[in-house]
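K.L.:
Here's my sequence, what's the structure:
(one chain, ligands or ions: 1)
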Amino acid sequence: MDKRNKPFTVVIEGNIGSGKTTLLNYFSKYRDVEVLQEPVEKWRNVDGHNLLSLLYDDPARWSLTFQTHVQLTMLDHHTKETSAKVKLMERSLFSGRYCFVENLHESKLMEPAEYAVISEWFKWIIKNVDVEVDLIVYLRSDPEVVHKRILQRARKEEKTVPLSYIVALHEIHEDWLHHKVSHPVPAPVLEIDANVDLTEMLKQISLVENQILNRKAIKRVL
Ligand SMILES: Cc1cc2cn([C@H]3C[C@H](O)[C@@H](CO)O3)c(=O)nc2[nH]1
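P.N.:
Below is the predicted model:
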């Protein structure tokens, strides 16, 4: 991708059920913003196989397969050309490797040899492909709050997700994006309190909208 016309790239990060889709929908009304949601439907149908369902039914057996496919679909989003000035992505190669893969490895649901292989892929990609991001919006939430939402949302594959899994993912997101002590942070982090209800969340988003749309920088250029 030609660096000159690369869009201002913003990734939305946060635990399962932290309100990423709400934030992305808020911005889909803008002409000049390309919104790339997580391609969950792709993960549910890879040549007829529902990898998301396989993952949750038997994570030890399927975590490498699932995370390898997610890494491919994220690479596709990172490298997707667009004429829009802003590209808004739901999650990224970075949360894939630093949060989800890390968590599966730490909880012994991914073999060390599998962890090594998917990490080699990740290292090669960030060395050889331009997957730079300009801003991370971190939807910070409490595990109990999002776990309740997940059960209410009742995505069929997630109905058995235990609170312990959400707590582990929360800690890993916090170490990476809030404490910034575990892995490289590839862009400045803008934190949003995601424990609030929808109306309050939308109010928070409108307060940081100019930063997310990089308005002032674009005005400077124009
Ligand atoms: C990058 C990345 C996104 C992502 C999502 N997921 C799961 C969490 C949710 O149950 C579902 C949709 O985000 O997929 C995962 O296990 N590993 C992931 N890695």
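
K.L.:
ok now do residue 115, which residues does it touch?
P.N.:
Residue 115 makes contact with 101, 104, 105 under the criterion CB atoms under 8 Å, 6 or more residues apart in numbering. Yep, even glycine has a C-beta here, placed from its N, CA and C like the rest.

K.L.:
so where does it fall, helix or strand?
P.N.:
Under the criterion of DSSP states H and E, residue 115 resides in helix 112-128.

K.L.:
Over to residue 186?
P.N.:
Applying DSSP H and E, one finds residue 186 in no helix or strand.

K.L.:
repeat for residue 184
P.N.:
Counting by DSSP H and E, residue 184 is found in no helix or strand.

K.L.:
residues near it, how many?
P.N.:
For residue 184, the number of neighbouring residues by other CB atoms under 10 Å comes to 9.

K.L.:
got a pLDDT number for it?
P.N.:
Listed pLDDT for residue 184 reads 97.

K.L.:
and it, what are its phi and psi?
P.N.:
Residue 184 adopts backbone torsions of phi -60, psi 140, taken as degrees, to the nearest 10.

K.L.:
Next one: it relative to residue 126, how far apart?
P.N.:
According to CB to CB, to the nearest Å, residue 184 and residue 126 sit 9 Å apart.

K.L.:
what's near enough to touch residue 106?
P.N.:
Listed by CB under 8 Å, 6+ apart, the contact set of residue 106 reads 168, 172.

K.L.:
Residue 141 too?
P.N.:
Counting by CB under 8 Å, 6+ apart, residue 141 makes contact with 14, 15, 17, 18, 19, 170, 194, 195.

K.L.:
Could you count how many residues lie near the residue lying closest to the first one once chain neighbours are set aside?
P.N.:
For residue 14, ignoring the flanking residues on the chain, the nearest one in space by CB to CB, 6 or more residues apart in numbering is residue 139 at 3.3 Å. Neighbourhood size, residue 139 [other CB under 10 Å]: 26.

K.L.:
do the same with residue 105
P.N.:
Around residue 105 there are 19 residues (other CB under 10 Å).

K.L.:
go on, residue 196?
P.N.:
Residues within reach of residue 196, counting by other CB under 10 Å, total 15.

K.L.:
element containing the residue lying closest to it once chain neighbours are set aside?
P.N.:
Counting by CB to CB, 6+ apart, residue 196 lies nearest to residue 204, which is 7.0 Å off, once chain neighbours are set aside. Assigned by DSSP H and E, residue 204 falls within helix 198-212.
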